[in-house]
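Enquirer: dropping a prediction and its sequence here:
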Amino acid sequence: MQFKTLLPLALIIFLSSSCGSPRHISYLQGLHPEVAEDIRQQTVIRIRPKDKISIVINSKDPLLADLFNLPIVAHRVGYATNSSMNINQQVSGYTVDTRGEIDFPVIGKIHIAGMNREEIAAFVKNELTSRNLIKDPVVTVEFMNHTISVLGEVNKPGRFSIDRDKISILDVLGMAGDLTIYGKRENILVLREDSGKQIPYVVNLCAGLELLSSPAYYLQQNDVVYVEPNSMRARQSTVNGNNVRSSSFWLSLASLLTTVAILIVK
């Protein structure tokens, strides 16, 4: 009789302990409106060597503006560049050299490393107007090769293009379809290259203030985000996941013991 009483109780305790705790699942815990002033300033993406950007000049005089624009090129796999069949036209881009400079038409070498898109547009516009090259230029700057890679326990791992001046880790994880149920939300690795060195950051999605104050909350171009699998996923990486540490093993054992107990009582 004691065995009959203790077996269901042990099974309930085991199942309760095996369930994931909400404190390891819910994002941004501990955030309240009154702590908004403690959140760090937003970090915009700034240009680095080897980045590629497009700079397009528009004006009331399009022929004059074209003097400062790189040529538009046509790309179509399987066809000649002069073919009229399904040609995609793209604006040529500037690749920032190791000194942080680009060679701009007429103006010449300009240093843009460390600038964001708004600052680059303002700088080019000032150069054009101060030299009396164009009176009314409209300067548009776009990223061309800025990406972030997301690996590990997410629903859609891959490399994602950046088209904004600032992008958070939550934005990128949303683009990757969010974490799977097997992803460790409190131990996400962000790998960032800075001055030729790879710098790792650990991000905790569950701790709201810690997350928003992290230097890795706002991502930079070429960052790599890795979501580590939890212990349940690690156990599933065995041949059949059915070892003594797996929940399936203990559930099978509990089912067997229950069947045996019923047979004994009968």
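Expert: Sure, I can see it. For clarity, every value in this text was computed on a predicted model and none was experimentally measured.
Enquirer: hey, let's count contacts and neighbours off CA atoms from now on
Expert: Will do.
Enquirer: helix, strand or coil for V172?
Expert: Of the three states, V172 takes helix according to DSSP: H, G, I helix; E, B strand; the rest coil.
Enquirer: same check on L128?
Expert: Of the three states, L128 takes helix according to three-state DSSP.
Enquirer: surely it and I134 touch.
Expert: Yes - at 5.6 Å, L128 counts as touching I134 under the criterion of C-alpha atoms under 8 Å.
Enquirer: these two: who's more crowded?
Expert: Neighbours per residue (other C-alpha atoms under 10 Å) separate L128 from I134, with I134 holding more: 21 against 18.
Enquirer: element containing that one, please.
Expert: I134 belongs to no helix or strand when assigned by DSSP states H and E.
Enquirer: ok, now V56?
Expert: In the assignment (DSSP H and E), V56 maps to strand 52-58.
Enquirer: who are the packing partners of the following helix or strand past that strand?
Expert: Next in sequence after strand 52-58, counting helices and strands by DSSP H and E, comes helix 62-66. Counting contacts by 3 or more C-alpha pairs under 8 Å, 6 or more residues apart in numbering; DSSP states H and E, helix 62-66 packs against strand 52-58.
Enquirer: in its sheet, which strands sit next to the strand it packs on, and in what direction?
Expert: Applying DSSP bridges, strand 52-58 is found paired with strand 94-95 (antiparallel), strand 138-143 (antiparallel).
Enquirer: flag the shaky bits of the chain, pLDDT-wise.
Expert: Scanning the chain for pLDDT under 70 picks out 1-24, 34-42, 73-89, 233-253, 256, 260-266.
Enquirer: what are the ranges of the strands in it?
Expert: For the chain, the strands defined by DSSP state E cover 52-58, 72-75, 88-91, 94-95, 101-104, 108-111, 138-143, 147-152, 158-161, 183-194, 197-203, 224-229.
Enquirer: mind putting those strands in JSON lines, distance to Y218 and mean neighbour count included?
Expert: Below are these laid out as JSON lines (distance: least, C-alpha to C-alpha, whole Å; neighbours: other C-alpha atoms under 10 Å):
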{"stretch": "strand 52-58", "distance to Y218": "20", "mean neighbour count": "20"}
{"stretch": "strand 72-75", "distance to Y218": "33", "mean neighbour count": "14"}
{"stretch": "strand 88-91", "distance to Y218": "28", "mean neighbour count": "13"}
{"stretch": "strand 94-95", "distance to Y218": "24", "mean neighbour count": "18"}
{"stretch": "strand 101-104", "distance to Y218": "25", "mean neighbour count": "17"}
{"stretch": "strand 108-111", "distance to Y218": "25", "mean neighbour count": "13"}
{"stretch": "strand 138-143", "distance to Y218": "17", "mean neighbour count": "18"}
{"stretch": "strand 147-152", "distance to Y218": "12", "mean neighbour count": "18"}
{"stretch": "strand 158-161", "distance to Y218": "15", "mean neighbour count": "15"}
{"stretch": "strand 183-194", "distance to Y218": "11", "mean neighbour count": "19"}
{"stretch": "strand 197-203", "distance to Y218": "11", "mean neighbour count": "15"}
{"stretch": "strand 224-229", "distance to Y218": "12", "mean neighbour count": "22"}
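Enquirer: ok, back up a step: now the strands paired with strand 52-58 as TSV including distance to D194?
Expert: What follows is the strands paired with strand 52-58, written out as TSV (distance: least, C-alpha to C-alpha, whole Å):
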stretch	distance to D194
strand 94-95	19
strand 138-143	19
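Enquirer: which one of those strands lies nearest to L31?
Expert: strand 138-143 (33.0 Å; C-alpha to C-alpha).
Enquirer: so what touches that closest one?
Expert: Residues outside strand 138-143 that contact it (C-alpha atoms under 8 Å, 6 or more residues apart in numbering) are 52-59, 117-118, 120-122, 124-125, 162-163.
Enquirer: ok, now stretch 202-216?
Expert: With contacts defined as C-alpha under 8 Å, 6+ apart, stretch 202-216 is touched by 23-31, 39-40, 169, 185-190, 201, 217.
Enquirer: got it, and stretch 179-194?
Expert: For stretch 179-194, the external contacting residues (C-alpha under 8 Å, 6+ apart) are 24-25, 27, 152-155, 173, 198-207, 216, 220, 222-230, 232-233.
Enquirer: kind regards, and thank you for your time.
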